[in-house]
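# Next come a sequence and a model predicted from it.
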Amino acid sequence: MSTAEAAETGALLTRAREALERYLEVHVDDDGAITFSHADVPCVIQATRLADGLTVLSLTCVVAWDLPDDPALAVAVAERAGQGLFGTLGVGHTERGMDVTLRYAFPAEGMDPSPLGTLLMLVVSTASQLRTELPGVEA
């Protein structure tokens, strides 16, 4: 990563941290990623420079993990994914069961902290709401 790329992603992560601190307690990891929880849903934000002038924030929320491999839950996730969420809802299968994640990536360069915080909280609150609505997920 070049110095310019590091500066761009660092500045964007700083704005994201400032935006989220209005609502939540956040932590900055050694690699610069921002981690936090909202209603027991762990989340992480990372920044990536895809091209000159195109730096994106990637937000991942782990809605649930290590759930029994239940076809009814997979169907419920698929149905909910088609209802116009901010982000992509997905199911991952592991040797311990199923994990449900909500991911959202968007170009955020130039966004001020206030609208950036509103957008991030829309995604995070959707993940928290999903945690209470999906069958078999303990809130």
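Received the coordinates, thanks. These numbers come from a predicted model, not from an experiment.
# who does the helix ranked longest in the chain touch, helix- and strand-wise?
Longest helix in the chain by number of residues (criterion: DSSP state H): helix 113-133. Counting contacts by 3 or more Cβ pairs under 8 Å, 6 or more residues apart in numbering; DSSP states H and E, helix 113-133 is packed against helix 3-20, strand 34-38, strand 41-51, strand 54-67, strand 97-107. Backbone N, C-alpha and C define where each C-beta goes, glycine included.
# Next, format those as a markdown table and append mean neighbour count.
Output for the helices and strands packed on helix 113-133, formatted as a markdown table (neighbours: other Cβ atoms under 10 Å):
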| stretch | mean neighbour count |
| --- | --- |
| helix 3-20 | 17 |
| strand 34-38 | 18 |
| strand 41-51 | 18 |
| strand 54-67 | 19 |
| strand 97-107 | 18 |
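# Mean pLDDT lowest where, among the ones you listed?
For these, mean pLDDT drops lowest on helix 3-20, to a mean of 89.
# Give the other helices and strands that the helix or strand following that helix contacts.
Using DSSP states H and E, the helix or strand that directly follows helix 3-20 along the chain is strand 27-28. Counting contacts by 3+ Cβ pairs under 8 Å, 6+ apart, strand 27-28 is packed against strand 34-38.
# Please name the strands paired to the strand it packs on in the sheet, noting orientation.
Paired neighbours of strand 34-38 in the sheet (DSSP bridges): strand 27-28 (antiparallel), strand 41-51 (antiparallel).
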